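Trainee: coords please:
(chains A, B and C)
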Amino acid sequence: MDVVLQSRSSNSMAAEPEEETELRRGPWTVDEDLTLINYIADHGEGRWNALARAAGLRRTGKSCRLRWLNYLRPDVKRGNFTADEQLLILDLHSRWGNRWSKIAQHLPGRTDNEIKNYWRTRVQKHAKQLNCDVGSATFKDAMRYLWMPRLVERIHAAAGDPTIGDTSCASGVRSMATTAATATTYPENNSAASAVTTSRSASSGSFTSELCGEEKNLHVHGSGEKTTSGGDWMQEADQEFWAMHMQIQPEDGGLFHVDHELSGWVQGFSDVGVSADNLWSLEDIWKMQ
DNA sequence: AAAACACGCAACCGCCTTAAC
DNA sequence: AGTTAAGGCGGTTGCGTGTTT
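Mentor: Sure, this is the predicted structure:
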């Protein structure tokens, strides 16, 4: 069943007579959207190839399906992801990987395409800034112990949680436990290493040693952050991440360990006389590499 | 003001699975 | 059991737009 596809760069709707049977590609027009919406309203969705023909749309069934599911469906939620949604994405991705449609099932109104785009544009960008792979232990550490707790802080702050002033590792993860536990249910919750599993153990009292290695609270700097779901919370967490992996002083005066993956860098920094205090910007880190 | 660059996102591609015949 | 078409999914592309130089 060969079809002739009109070039993506050619958006002209003024088809020549001999092109009447050509399938269109590229951005959808308002007319096409209305045609699809009206047809589905009358006849329902499914059997997309037949639907495309019956509706008089010169599109593939696949294209119609994609347009409907990702854009035209009335329950599609638009706009930025909330902190809850971002937290959920990070958590579910940590256990399921790139199973976008599966992840999307737990975010009502969000499409797999949108989540995939979010991951690629936001999350992978930060992995790149940390100069690590998204599958690396370094990145997972940053995600679990800093980005996710930071998101939970934002969720609680937005909800007016008075305990949110305490931004310690323990309190952040403790908060994450309650939020993640109530955010959704996980039909395949079998990942012992996942952040939420960890945080669930946190609620039973063993979180501090699990997450921080020692019974020490890491004091992270309040940055006058906004309590809305927007903002570059990852950037802030990046800074905390590097601060935590340098040998900075916890509240009791002890020292944190330095991860194996980062020890080389840390040594390099100390070689050139760089302390944790002036490592507030990733830009500086890149320059020093 | 203009060119270069970076980013976000809609849409397409190709592969795999499933269902119908 | 084999074939084929449709649906579903993850990966990738390319365009529009905003930002930086």
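Trainee: spell out which parts of the stretch 1-150 of chain A neighbour DNA strand C.
Mentor: With C-beta under 7 Å from any atom of the strand as the criterion, the stretch 1-150 of chain A comes near DNA strand C at residues A:1, A:8-9, A:46-51, A:61-62, A:65, A:98-102, A:112-113, A:116-117, A:120. Bear in mind the C-beta positions are built from the backbone N, C-alpha and C, glycine included.
Trainee: try 6 Å
Mentor: A:1, A:9, A:46-49, A:61, A:65, A:98-102, A:112, A:116, A:120 (C-beta under 6 Å from any atom of the strand).
Trainee: most neighbours of all those residues, which one?
Mentor: Using other C-beta atoms under 10 Å as the neighbour test, those are led by A:Trp100, with 22 neighbours.
Trainee: buried stuff in the host helix or strand of A:Leu51?
Mentor: Applying DSSP states H and E as the criterion places A:Leu51 in helix A:48-54. Burial within helix A:48-54, assessed by neighbour count using 16 or more other C-beta atoms under 10 Å, is assigned to A:Trp48, A:Leu51, A:Ala52.
Trainee: buried stuff in whatever helix or strand comes next after that helix?
Mentor: Using DSSP H and E, the helix or strand that directly follows helix A:48-54 along the chain is helix A:61-67. Neighbour-count burial for helix A:61-67, counted by 16+ other C-beta under 10 Å, picks out A:Gly61, A:Ser63, A:Cys64, A:Arg65, A:Leu66, A:Arg67.
Trainee: nearest to DNA strand B, of those residues?
Mentor: Closest approach to DNA strand B among these (C-beta to the nearest atom of the strand): A:Ser63, at 3.7 Å.
Trainee: is it true that the closest one touches A:Arg25?
Mentor: Yes: A:Ser63 is within contact range of A:Arg25, at 7.5 Å (criterion: C-beta atoms under 8 Å).
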